[in-house]
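**Q** build me a model from this:
(one chain, ligands or ions: 1)
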Amino acid sequence: MRVPIIAGNWKMNKTIPEAVTLVQELLTLVADVQSTEIVVCPPFTALYSVGQAIAGSRVALGAQNLFWEAKGAYTGEIAPGMLVDLGVRHVIIGHSERRAYQQETDADIAKKLEAAFKAGLSPILCVGEHLAEREAGRAEEVVKGQLEVDLELLATDQVQQLVIAYEPIWAIGTGRSAQPADAAAMAQVIRDVVGAKFGADTADCVRVQYGGSVNAANSGDFLTLEGIDGALVGGASLKAKDFAAIVKSASK
Ligand code: 13P
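**A** Numbering: from 1, shown residues only. Sure thing, here's the model as predicted:
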């Protein structure tokens, strides 16, 4: 049984007071949710305050990135242990915006995944293709290629705990979500890659999220599909009511 997991990626939004207000509103709205894991990923600057606000609740804290080294002369970077120190439990790794603007490579992502597990964090690995790649019929090939390298340094028991978010880049922040059937097909491709590398039991354990213009109106179309175990939500996670509605559509 894979427990659904809904994560909100707040990206570079919210000051500390705004972040606390948002999460407090959310806590009230999801107080009766039992069967779904809920994760909020504020920017680094709000992690401590949001962590304080959600202490003892069912909402878990996630970060949006980390660096693979444990400490040292890496100006501006955040070590996995520093996140653990803040009460962070989950971390998004390999988001397409980091791949695009910070030139993160799959080799970097592999090192980040390894470091996250080593520190006891639960990573959410993001994969997904560009529009031109989908239009050229290359979406599967691209996602497979990402996974081949991203998962390279992980052991089977780690992959069993992994969450993989399929986020087609053209669907992020555009209001144009993937067709649910296409998302389900890619979730199967992801499971097949995991199965080929780590065995069928591992493929069965790994949770696959869909991300890309998920909102309160369309989340049910994805979350009711066999093989989609949750959502990674950007814009709609910045509104407590919308995010709570998405969480509830996974709990049905
Ligand atoms: P949107 O939900 O705003 O499309 O963003 C998706 C995303 O990038 C989540 O990581």
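
**Q** wait, is residue 165 part of a helix?
**A** No. Checked against DSSP: H, G, I helix; E, B strand; the rest coil, residue 165 lies outside a helix; its state is strand.

**Q** contact residues of the chain facing the ligand?
**A** Residues of the chain lying close to the ligand by C-beta under 6 Å from any ligand atom are 9, 95, 167, 172-173, 211-214, 232-236. In this view, the C-beta of every residue, glycine as well, is placed from N, C-alpha and C.

**Q** switch to 8 Å and redo it
**A** For the chain, the residues in contact with the ligand (C-beta under 8 Å from any ligand atom) are 7, 9, 11, 92, 95-97, 126, 165, 167, 171-175, 177, 211-215, 232-237.

**Q** now restrict those to buried residues only.
**A** Those of these that meet the buried threshold are 7, 9, 11, 92, 95-97, 126, 165, 167, 171-172, 177, 211-215, 232-237, by 16 or more other C-beta atoms under 10 Å.

**Q** so what's the residue lying closest to residue 115 once chain neighbours are set aside up against?
**A** In this structure, residue 115 finds its nearest non-sequential neighbour in residue 68, 4.0 Å apart by C-beta to C-beta, 6 or more residues apart in numbering. Residues in contact with residue 68 (C-beta atoms under 8 Å, 6 or more residues apart in numbering) are 80, 108, 111, 112, 114, 115.

**Q** tell me which entries of the buried ones among the residues of the chain next to the ligand lie within helices.
**A** Counted as lying in helices by DSSP state H, out of these, are 96, 97.

**Q** show the pLDDT at the closest residue to the ligand within the stretch 151-252 of the chain.
**A** Residue nearest to the ligand within the stretch 151-252 of the chain: residue 234 (2.2 Å; C-beta to the nearest ligand atom). Looking at residue 234, its pLDDT stands at 98.

**Q** now do it against residue 241, distance only.
**A** As judged by C-beta to C-beta, to the nearest Å, residue 234 and residue 241 stand 16 Å apart.

**Q** how much space is there between residue 58 and the ligand?
**A** With distances taken as C-beta to the nearest ligand atom, to the nearest Å, residue 58 is found 21 Å from the ligand.

**Q** nearest spatial neighbour of that residue, chain-adjacent residues omitted?
**A** residue 38 (6.1 Å).

**Q** wasn't that neighbour part of a strand?
**A** Yes. Per three-state DSSP, residue 38 lies within a strand segment.

**Q** contacts only, for it.
**A** 5, 6, 7, 30, 58, 59, 60, 247.

**Q** tell me the contacts of the last one?
**A** So that's residue 247. Residue 247 is in contact with 6, 30, 33, 36, 38, counting by C-beta under 8 Å, 6+ apart.

**Q** host element of it?
**A** Here residue 247, judged by DSSP states H and E, is contained in helix 240-250.

**Q** residues of that helix that come out buried?
**A** Those would be 240, 242, 243, 244, 245, 246, 247, 248, 249, 250, for helix 240-250 by 16+ other C-beta under 10 Å.

**Q** one step back: the buried ones among the residues of the chain next to the ligand in strands, which ones?
**A** 7, 9, 92, 126, 165, 211, 232, 233 (DSSP state E).

**Q** for those residues, name the two members farthest from one another.
**A** 126 and 233 (12.6 Å; C-beta to C-beta).

**Q** spit out the residues that contact these two alike.
**A** residue 211.
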